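> Predicted model and sequence follow; I will ask about them next.
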Amino acid sequence: MGLLKSILKNTCPRCRRGDLFYRPFTLKNAYKMPSHCSVCNQRYAPEPGFYFGAMFLSYIASAIILVAGALFMVFALRWDVNMSLVIIFVIGGLTHNFFYRLGRSLWIHLMVRYDRRYASKMEASSTEKSQ
Ligand SMILES: [Zn+2]
């Protein structure tokens, strides 16, 4: 799995196979992460406050997209400014969890390198099990 796909699919940065967040997605576990990767045992929170920087990435990504959307509605579609702001606030509320997870996924992918050995170990062990 490529880096971009791993970031967007919220998978472990080291093996790119384990999930960063609990699945299936429910509102109850929307923000919860397991402590370790279920495949390669990579710690997801190596130190207290590890994801502080992820907050800024999440903010920047959501601001760029939402401001661009608002500007598009106002200047390209010629919609009313107040109506555009209401729509942007609703979209922002609905996509909050996506940007939260994207920020955390980006942050841990910046800090933890992909290690081909863990991905290949997993493939080897899964083929042994299937035989
Ligand atoms: Zn992993």
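It's in.
> Tell me the pLDDT of Ala124.
For Ala124, the pLDDT comes out at 55.
> How are the helices of this structure distributed by residue range?
3-8, 52-71, 81-94, 96-111, 116-130 (DSSP state H).
> right, and those - which one's nearest the ion?
Ranking the helices of the chain by their distance to the ion (criterion: CB to the ion) puts helix 116-130 first, at 6.0 Å. (Glycine included, C-beta is placed from N, CA and C.)
> do you know how far Pro46 is from the ion?
In this view, Pro46 and the ion are 13 Å apart by CB to the ion, to the nearest Å.
> coming back round to it: pipe the helices of the chain into CSV and attach distance to the ion and mean neighbour count per row.
What follows is these, written out as CSV (distance: least, CB to the ion, whole Å; neighbours: other CB atoms under 10 Å):
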stretch, distance to the ion, mean neighbour count
helix 3-8, 10, 14
helix 52-71, 18, 14
helix 81-94, 30, 13
helix 96-111, 10, 19
helix 116-130, 6, 12
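> which one of the ones you listed has the lowest average pLDDT?
Lowest mean pLDDT within the helices of the chain: helix 116-130, a mean of 63.
> what number of residues lie near Pro24?
Counted with other CB atoms under 10 Å, the neighbours of Pro24 add up to 5.
> re earlier: for Pro46, which of the helices of the chain is the nearest?
helix 96-111 (7.6 Å; CB to CB).
> and the angle from the closest one to helix 81-94?
60 degrees (axes from the mean of the first three to the mean of the last three CA atoms, to 10 degrees).
> Who are the packing partners of helix 96-111?
helix 3-8, helix 52-71 (3 or more CB pairs under 8 Å, 6 or more residues apart in numbering; DSSP states H and E).
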